[in-house]
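Novice: After the sequence you'll find the predicted model.
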Amino acid sequence: MSDFEAPNRLDRIEVLAIRNTEAIAALTTKIDNLTDNVNDLTNNVDRVLSRSAVLDDVLLELRDSQEQQQRNFEEHQRHFDEHQRTTNAALNSLEAILLQLIRIFP
């Protein structure tokens, strides 16, 4: 190797070192951006999961409420049916009494 080749080789090594440093800096910036994106996505996932849990609770409450409403409706329906039967029985008794009164007092 001559003295003339050594600086060229050193210059090439220096250029490569500068390129590597610039590439590392660019990769560091990209990694920082990627980290920010991952953090944003993680925050979004956490919010979605939290909202999902709240909605699941609301759905369970609604289902329980609907089932209770159905039971209440069925109970009211039974009471109505019973009231209807007793009313009809009372009307039949009154009709029988009225017929007897009409026969007694024509």
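Specialist: It's in. Residues are numbered from 1 along each chain as shown.
Novice: For the residue positioned nearest the centre of the chain, give its distance to Asp46.
Specialist: With distances taken as CA atoms, centre = their mean, Ser52 lies nearest the centre of the chain, 3.1 Å away. Ser52 sits 11 Å away from Asp46, going by CB to CB, to the nearest Å. Quick note: C-beta positions are derived from backbone N, CA and C, even for glycine.
Novice: Secondary structure element holding the residue nearest to the centre of the chain?
Specialist: helix 5-104 (DSSP states H and E).
Novice: Determine the set of other helices and strands touching that helix.
Specialist: Applying 3 or more CB pairs under 8 Å, 6 or more residues apart in numbering; DSSP states H and E, one finds that helix 5-104 contacts no other helix or strand.
Novice: change the start of the numbering to 47 and stick with it
Specialist: Sure, I'll start counting at 47 from here, so that last one is helix 51-150.
Novice: Now do that helix: distance to the chain's middle.
Specialist: How far helix 51-150 lies from its chain's middle: 2 Å, per CA atoms, centre = their mean, to the nearest Å.
Novice: average pLDDT across that helix?
Specialist: Helix 51-150 carries an average pLDDT of 95.
Novice: related to what we said a few turns ago, name the residues contacting each of Ser98 and Asp92.
Specialist: Shared contacts of Ser98 and Asp92 (CB atoms under 8 Å, 6 or more residues apart in numbering): none.
Novice: Distance of Thr133 relative to Leu144?
Specialist: 16 Å.
Novice: typed the wrong thing, it's Val100
Specialist: 64 Å.
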